[in-house]
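> sequence plus predicted model, see below.
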Amino acid sequence: MRKAEFITLAALLMALNALAIDIMLPALQQIGSSLGVDNENHRQYIVSAYLLGFGGAQLFYGPLSDRFGRRLPLLIGLAVYIFSAIGIAVIPSFVGLLTLRFIQGLGAAATRVITISIVRDIYGGRQMAEVMSLIMMVFMIVPVIAPGTGQIIMLFSTWHMIFVFIATVAVGVLIWMYFRMPDTLHPDDVRPFTVKSVAAGFVIVLTNRVALCYTIASTFIYGALFGFINSAQQIYVGIYKLGIYSPLAFSGVAVFMAFSSFVNSQLVGRFGMRRLSHAALLGFVAITSIWLLVQLLGSGPMPFALFMFFFALAMFQFGWIGSNFNSLAMEPLGHVAGTASSVLGFMSTVGGALIGAAIGQTFNGTATPMVTGYFAVSVIGLFFVLIAEKGKLFRPQNAPPPADSTLALH
C-alpha cells in the first residue's frame, strides 16, 4: 500500500464518525417531528447519544487491538456501525433511535482508536504529525459535503434514507479495508488481554504528564466543536434563517479546517508540533476573546458575515491544534499505542461530548452560550498545555523527522 492510499483509507475510516454526525444535522428537525420530540434542545440528544457510545467504547478497542491485532476489532466495529445504521432507518421511536445511535457509536469507536494506533505503528514524531494532518485534511472533506448530501437526500426522500446512505458508505470502506489494509501490530508489541495487563497499560498512559495534559487540553477544545455541532441547526436556521442553505455555511467552515490541516502538514516538519500548536492555541484564545466581547456588546444577533468571520478564524486555529495535540499525546506511548489511543480517545471524546452537550443545552436563542463556551475552553486548554510543558511554550522538538518517509507496513 502506497502512502497516498494509506492516508486516504485511514482518513475515510476516521471520517465515518464525522459522516454519522454531520450528514444528519439538516434532518434534526424532521427527525424530531417524525418521532414526536417537541423540545428543540432534546433533538441534540441524537448527537450526544452517538458521541457517548463512541467515547465509551474506545476504552476497550485499544487493549483488544494490542492483543488480537488491528484488523479483527476494526472489522467488528465496522459491522456494528453498519447494522446499527440500518436499524435506525426502520426504528419507530425516539428512545429506540437514541439506543441505536449509542450502539452505532460503540462500533464507530474502532475506526478512531485503531486507525490512530495503525498510524502510530508506522510513524512517530513530526512524521506522525505530518501524516495525521494529511489524514485530517482528507477527513475534513466529509464535513464539507456531508450536510449538503443530507439535505439533498431529504429533498428526494425522508430522513430514514440518510442512515441507509451511511450504511452503504461504511460497507464500501469495510471492503476496501478488508482487502488492502494489513495488520500493523508488531509482534514485539503484543500485550496480553488480562485485567492486570490492561490496568498496567492504563497506568502507563495516565501517569505520563505530557500525554495526559495534552489529552485534557484536547478534550476541552473538542468540547467547543461538539457544542457548535449540537447548536448548529438552531444557530443557522433559528437565528440566521438560512433554511436549506445552512449546510453551505457549515461546509464553508469545514473548508477552512481542511485548508488549515493541509498547511499544518506542510509546516510541521520544519517548525515542529509544539511551535505550531502553541501558536494556534494562543490565536484561539485571542480570537474567541474578541468574538465574545463583540457578541456581548451587540444589541442583537451579530451580523452573519461577522459571525462567520470569527468562527472561520477560530476553526482555522483548531485545524493546527487537533492533529498536533493528538500526536504530542501519543508520541511517548508508542509501545502501548492501542491502549494509549483508547484511553486518550475515551477522555477526549466522552469529555468533549459532555462539555459540548453542556454548551448546547444552554442555547437560549442567541449565539452567546456557544461563543462563551469557545472562549472558556480555550483558556482551560492553555492552562493544561502550560502544565504539560512546565510553563514553557514553543519548546523545539527534540528530534528531527526520519529522512526516509516511505511507508512500510508489517
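All right, it came through fine.
> ok, the residue lying closest to residue 209 once chain neighbours are set aside - contacts?
In space, and not counting its chain neighbours, residue 209 is closest to residue 388: 6.3 Å by C-beta to C-beta, 6 or more residues apart in numbering. To be clear about C-beta, it is placed using only N, CA and C from the backbone, and glycine gets the same treatment. Each residue near residue 388 by C-beta atoms under 8 Å, 6 or more residues apart in numbering is listed here: 209, 210, 212, 213, 214, 217, 328.
> how about a cut-off of 10 Å?
In this structure, residue 388 makes contact with 208-217, 274, 325, 328-329, judged by C-beta atoms under 10 Å, 6 or more residues apart in numbering.
> repeat that for residue 347.
When the contact criterion is C-beta under 10 Å, 6+ apart, the partners of residue 347 are 55, 58, 59, 205, 206, 212, 215, 216, 218, 219, 329.
> how close does it get to residue 205?
Note on residue 347: its distance to residue 205, by C-beta to C-beta, to the nearest Å, is 9 Å.
> next one: residue 27
Computed with C-beta to C-beta, the distance linking residue 27 and residue 205 is 37 Å.
> can you list the low-confidence ranges for the stretch 201-350 of the chain?
Applying pLDDT under 70 to the stretch 201-350 of the chain picks out residues 334-335.
> now with 90, please.
Judged against pLDDT under 90, the low-scoring parts of the stretch 201-350 of the chain cover residues 201-208, 210-211, 215, 222-273, 298-302, 312, 315-316, 318-350.
> what about the helices in it?
The residue ranges that make up the helices of the stretch 201-350 of the chain, judged by DSSP state H, counting those that start in this stretch, are 209-233, 246-271, 273-297, 304-330, 337-361.
> and the third one, what does it pack onto?
Which is helix 273-297. On a contact count with 3 or more C-beta pairs under 10 Å, 6 or more residues apart in numbering; DSSP states H and E, helix 273-297 meets helix 125-139, helix 209-233, helix 246-271, helix 304-330, helix 368-388.
> now do the buried residues in that helix.
The neighbour-count criterion (16 or more other C-beta atoms under 10 Å) identifies 273-285, 287-288, 291-292, 295 as the buried residues of helix 273-297.
> hmm, back to that, now a PyMOL select for only the buried ones of the contacts of residue 347.
A single PyMOL command is used to select the members of these judged buried by 16+ other C-beta under 10 Å:
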select buried, resi 55+58+59+205+212+215+216+218+219+329
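> would you turn the contacts of residue 347 into TSV with distance to residue 163?
Compiled in TSV, the contacts of residue 347 are given as follows (distance: C-beta to C-beta, whole Å):
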residue	distance to residue 163
55	21
58	22
59	26
205	34
206	36
212	36
215	31
216	33
218	29
219	28
329	33
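> need the contact list for residue 280.
Shown here is residue 280, whose contacts under the criterion C-beta under 10 Å, 6+ apart are 221, 260, 264, 316, 317, 318, 319, 320, 321, 322, 324, 325.
> change it to 8 Å
Contacts of residue 280 (C-beta under 8 Å, 6+ apart): 317, 318, 319, 320, 321, 324.
> roughly how far apart are it and residue 175?
Plainly put, residue 280 is 37 Å away from residue 175 if you go by C-beta to C-beta.
> hmm, back to that, buried ones among the contacts of residue 280?
Buried residues within those, defined by neighbour count using 16+ other C-beta under 10 Å: 317, 318, 319, 320, 321, 324.
> how close does the third one get to residue 137?
The gap separating residue 319 from residue 137 is 9 Å, by C-beta to C-beta.
> which residues do the two both contact?
Overlap between the contact sets of residue 319 and residue 137, as judged by C-beta under 8 Å, 6+ apart, is given by 258, 261.
> which ones are touching the nearest residue in space to residue 138 that is not next to it in sequence?
What sits nearest to residue 138 in space, not counting adjacent residues and going by C-beta to C-beta, 6+ apart, is residue 11, at 3.5 Å. For residue 11, the contact set (C-beta under 8 Å, 6+ apart) comprises 134, 135, 136, 137, 138, 139, 141.
> try 7 Å
Taking C-beta atoms under 7 Å, 6 or more residues apart in numbering as the criterion, residue 11 is in contact with 135, 138, 139.
> next, count neighbours for the first one.
I take that to be residue 135. The burial metric for residue 135, expressed as a neighbour count using other C-beta atoms under 10 Å, is 26.
> pretty sure it sits against residue 10.
Yes - if you go by C-beta atoms under 7 Å, residue 135 and residue 10 touch, sitting 5.2 Å apart.
> mind pulling the model confidence for residue 190?
Confidence at residue 190, expressed as pLDDT, is 82.
> please tell me how far it sits from residue 332.
Taking C-beta to C-beta as the measure, residue 190 and residue 332 are separated by 20 Å.
> higher neighbour count, these two?
Neighbours per residue, other C-beta under 10 Å: of residue 190 and residue 332, the larger number sits with residue 332, 16 against 13.
> please report the distance of the more buried one from residue 389.
According to C-beta to C-beta, residue 332 and residue 389 sit 14 Å apart.
> what of residue 284?
When residue 284 is compared with residue 389 (using C-beta to C-beta), they lie 16 Å apart.
> and if you look at residue 299?
As it turns out, when the distance is counted by C-beta to C-beta, residue 299 lies 41 Å from residue 389.
> these two: which has the busier surroundings?
For the pair residue 299 and residue 389, the greater number of neighbours falls to residue 389 (18 against 4), based on other C-beta under 10 Å.
> my guess is residue 176 contacts residue 8, does it?
No - the criterion here is C-beta under 7 Å, and residue 176 misses it with residue 8 at 9.2 Å.
> from the centre of the protein, point out the most distant residue.
Distance from the centre of the chain peaks at residue 299, with 34.2 Å (C-alpha atoms, centre = their mean).
> OK, contacts around that one?
By C-beta under 7 Å, 6+ apart, residue 299 lies in contact with nothing.
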